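Student: using only what follows, build the 3D model:
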Amino acid sequence: MANIYIYKTKMISNEDDGKPPNSLKKKTLLVVNTGFSKKRFIFQKLKKLGLTIVVLNKEKNWAQPYVDHWILADTTNHKESLAALEKYSSVPTNPKINGAVTFWEDDVLLTSKISDKFNFIGIPYHVAKQVRNKYLFREFCQNNNLPVPKYKLAKNQEDLRYILKHFRFPVVVKPAYGSESSFVVKVENKEDLSEVFQYVKNNISVNIQSSLSDGLDIFVEEFIDGDEVDIDLLLQNGKVKFCSVADNFNKSKGLFFYDSGQAIPSSLPEKQQAPLIEMVEETLEKLGIQHGCIHFEAKSTRYGPMPLEVNLRLGGDYVYSYIKDAWGVDMIEENIKIAVGDYLKIKKPELPKKYIIGWDLYPENSGVLVQLDIDEDLKEKKYLEELHIHKKIGDPILVQPEGSDYLGWLTVSGENPIDAQDNLKDALDYIEFKVVKFDPASSVGKTLRKHRHTFASLSKDTLLRAAKIESIRHVSSHNLRKLHIGIACNVYNGGSNTVEKDLMSVGKNIESTLAKRGYRTSFYDFNNLPKAFGELEHSDVDLVFNVCERINNSSLLEPHAASILDTLQLPYTGSNPFTLALCIDKIRVKKLLAYHDIPTPRWDYAYTIDDEISEELKYPLIVKPGNTDNSIGITNESVVTNKKELMAQLDKIITKLGRPALVEEYIEGDEYDVTILGSDETDLRILPLSRSMFNKMPKGYWHIYPFEAKWESDNAYKNIVIQRPPKNISKKLESLISEIALDTYNILDCHDYGRVEVRVDKNDNPYILELNPNPSINIGDCVPAVAQLVGMDYGDFLEEIIRMAIRRYKNRPPYYHLQANLI
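Tutor: Got it, this is the predicted structure:
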């Protein structure tokens with residue numbers, strides 16, 4: 001996730017003017033896990049402090065400009081991470097690490113293990129484990145005479161029966177290791193408990209909330225009614241060096257919990273704040289926490305203060321920003337000082353510098369961001385402190401229960417709490433965004449039920465992939481070049497034959513042409529299917545240019561490339577798998593065209609050498625493989641003039657090639673290629689015809705396009721004369737050829753582009769030979785060549801295909817393109 005839009009009232013270069021010299025410049029800091037790029041401001045601050053930054057992370061990423069040394073290891077694998085850190089530390093030339101921190105909830109436990117093992121200042125692992133697991137924290141509170149609601153680990157129906165008998169409702173079902181309130185669900189009445197529990201149990205997943213990698217336990221507790229607050233502390237040598245209380249508001253939305261906003265300082269009266277702070281200090285002391293930056297969540301209830309959870313890290317999003325603006329305390333810098341052992345000297349002012357409200361920008365439902373307008377006048381408002389937007393048009397935003405996304409956040413200030421609230425209302429009027437819900441006809445749609453939690457939550461990956469379909473629907477034709485285009489193709493190395501080289505070059509030419517026009521492109525080699533599938537599954541590709549013609553080196557599997565893209569919910573160019581599979585099977589195509597009275601040469605077929613070929617067919621005949629492309633299996637000898645030659649060709653195709661055989665009457669005459677663009681009556685276009693004339697061919701050569709003509713250097717076929725457009729052809733014949741080609745294109749349900757091959761006999765009777773859906777569109781091929789006749793160069797032609805594909809996905813139900821036009 002990138003920070004698409006960031007606005008700060010204070011320039012970073014001036015924010016530390018007047019401060020004493022920085023004591024951290026000679027220190028080396030280990031940061032465990034970078035987190036998403038929305039944490040960029042943290043790394044910018046660390047770099048500004050002059051620290052040597054060492055990062056333990058699975059891979060190098062967006063933080064590269066700020067990192068001095070990387071230690072690469074999977075941070076979910078603690079053993080691997082500790083070993084990698086030990087290896088780093090054993091190299092004498094590597095800077096010695098002075099302390100370790102994490103700003104990412106997922107890695108609180110790992111950071112504690114690192115502090116234990118390498119004797120860094122921090123929170124011991126046995127303490128962190130007790131706090132990180134919310135159920136164990138409840139248990140700790142109960143055992144140490146700290147306030148605690150009724151709670152119980154829930155594993156089965158027996159546990160639920162106990163809860164129904166002994167708990168007061170409403171209750172809250174929550175994961176023990178969750179964060180950002182994911183899968184935290186409020187249950188108002190007893191009748192819904194079992195259903196909600198099953199929902200959480202069935203859908204709780206690391207895929208939706210990565211912090212669940214530490215465990216998937218679920219527990220239930222009585223709902224705590226009261227005023228919720230966040231208490232942020234800096235603790236050194238067991239002493240609270242700084243403490244700030246902020247109000248949470250609009251926390252609960254129906255069944256689910258997530259922050260909408262926070263106000264600092266708290267507007268709670270002193271008689272409520274004092275017991276809260278006292279309870280926090282007592283809790284931390286009993287836990288044995290001596291050092292750290294703590295984000296403590298609690299409630300002030302009519303029975304007194306109640307702890308909710310303890311986060312052993314800096315609070316997320318605007319917590320750093322609003323504390324710095326309100327109190328002048330830099331929580332990042334002071335946190336680092338604690339970690340490396342620098343003594344804290346913090347003097348908190350008696351009154352805040354400003355009253356601040358932080359606000360998260362949430363849509364009402366999961367969906368795709370289709371509109372985002374931020375009035376430039378907002379920047380001129382003195383009350384605006386910071387504005388961070390993490391999403392761009394077309395991005396999915398998954399809110400509870402599908403995820404914990406939001407558009408971004410802003411902070412505003414005021415002279416008092418009421419003034420800050422008024423300023424927030426004013427600021428929100430300058431921000432307009434629209435999120436379109438996922439189509440109710442799709443797999444991510446929702447049917448109406450009693451409660452939202454009754455829906456079986458789909459995986460986060462499924463929703464994100466579905467969002468690609470949704471987002472492509474809202475792409476403007478003027479914004480094509482902002483798309484990330486994937487190219488599904490085939491790569492061949494070494495001694496590839498001419499066919500393989502051509503199959504590879506078409507994808508490479510598309511890639512280079514689009515890249516020159518400013519598109520971001522990625523190439524996916526379907527000869528290495530597992531790798532291509534994995535990369536596509538986790539890609540941010542918007543649309544795939546599907547020019548894949550082989551999987552496992554078989555053209556019979558070409559349709560499966562489109563099927564794979566459908567299962568990944570990736571929009572793609574060209575025809576659907578049904579059309580691609582049908583058109584490979586030339587015998588079935590013949591049957592379908594015959595049913596619709598489309599003229600084709602008279603024909604028969606054979607699946608075995610013993611099948612009889614109709615004696616009503618008149619020689620010469622042409623014998624073709626029934627399911628190959630690129631003229632494979634077709635030679636000059638494929639045209640036969642007697643039974644003996646016919647049987648020899650049938651034996652070659654059926655026995656030696658292992659393919660069924662299609663036998664047609666040979667039509668002497670010119671061959672026309674009809675290129676058609678579009679998918680339905682609103683955008684179908686027939687491009688200028690291409691005509692092949694064979695009358696200058698040497699004697700002994702049949703007037704066909706065998707394999708040798710396309711892929712080998714037989715000079716005889718250079719005598720084929722190609723006219724684009726045809727000369728001296730009657731308008732009547734041109735129209736007739738175009739019309740039967742268009743009928744064929746529609747009957748076989750071709751999408752975006754296709755090429756129909758037509759033979760015309762000496763009496764100007766046209767016969768359909770075949771349709772090529774997704775025909776070759778390499779530079780110089782027939783299809784882009786005739787497109788050039790109407791003013792489209794190669795790049796224009798490719799962009800037109802992209803444009804048509806997007807138009808096809810617009811205003812259509814999901815998978816609409818898989819429904820045949822004709823049954």
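Student: in the stretch 301-450 of the chain, which spans are helices?
Tutor: For the stretch 301-450 of the chain, applying DSSP state H, counting those that start in this stretch gives helices covering 319-327, 331-340, 417-428.
Student: got the ones you listed as a markdown table, with distance to residue 385, mean neighbour count and mean pLDDT columns?
Tutor: (Each C-beta comes from the backbone N, C-alpha and C, glycine too.) Putting the helices of the stretch 301-450 of the chain into a markdown table (distance: least, CB to CB, whole Å; neighbours: other CB atoms under 10 Å; pLDDT from 0 to 100) gives the following:
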| stretch | distance to residue 385 | mean neighbour count | mean pLDDT |
| --- | --- | --- | --- |
| helix 319-327 | 5 | 23 | 94 |
| helix 331-340 | 15 | 22 | 97 |
| helix 417-428 | 10 | 16 | 94 |
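Student: turn the ones you listed into JSON lines, including distance to residue 508.
Tutor: Shown next, in JSON lines, are those (distance: least, CB to CB, whole Å):
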{"stretch": "helix 319-327", "distance to residue 508": "47"}
{"stretch": "helix 331-340", "distance to residue 508": "46"}
{"stretch": "helix 417-428", "distance to residue 508": "49"}
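Student: between those, which gets nearest to residue 757?
Tutor: Nearest to residue 757, of all the helices of the stretch 301-450 of the chain, is helix 417-428, at 60.7 Å by CB to CB.
Student: by contact count, what packs against that closest one?
Tutor: When contacts are defined as 3 or more CB pairs under 8 Å, 6 or more residues apart in numbering; DSSP states H and E, helix 417-428 sits against strand 261-264, strand 355-361, strand 408-414.
Student: follow-up on the earlier one: which of the helices of the stretch 301-450 of the chain sits closest to residue 46?
Tutor: With CB to CB as the criterion, residue 46 lies closest to helix 331-340 of the helices of the stretch 301-450 of the chain, at 7.1 Å.
Student: circling back to that earlier point, quick one: closest of the helices of the stretch 301-450 of the chain to residue 111.
Tutor: Per CB to CB, nearest to residue 111 of those: helix 331-340, 9.7 Å.
Student: helices or strands up against the closest one?
Tutor: When contacts are defined as 3+ CB pairs under 8 Å, 6+ apart, helix 331-340 packs onto strand 28-32, helix 40-48, strand 99-101, strand 227-236, strand 292-301, helix 319-327.
Student: so which of those is nearest residue 761?
Tutor: Of the helices and strands packed on helix 331-340, nearest to residue 761 by CB to CB is helix 40-48, at 69.6 Å.
Student: now the angle between helix 319-327 and that closest one, please.
Tutor: 70 degrees (axes from the mean of the first three to the mean of the last three CA atoms, to 10 degrees).
Student: okay, angle between helix 40-48 and strand 28-32 too, please.
Tutor: Using the same axes, to 10 degrees: helix 40-48 against strand 28-32 is 170 degrees.
Student: so residue 127 is in contact with residue 115, correct?
Tutor: No. Counting by CB atoms under 8 Å, residue 127 sits too far from residue 115 to count as a contact (10.6 Å).
Student: who has more neighbours, these two?
Tutor: Remark: of residue 127 and residue 115, residue 115 carries more neighbours, 24 against 20, as counted by other CB atoms under 10 Å.
Student: which SSE is the more buried one in?
Tutor: For residue 115, the element it lies in under DSSP states H and E is helix 108-118.
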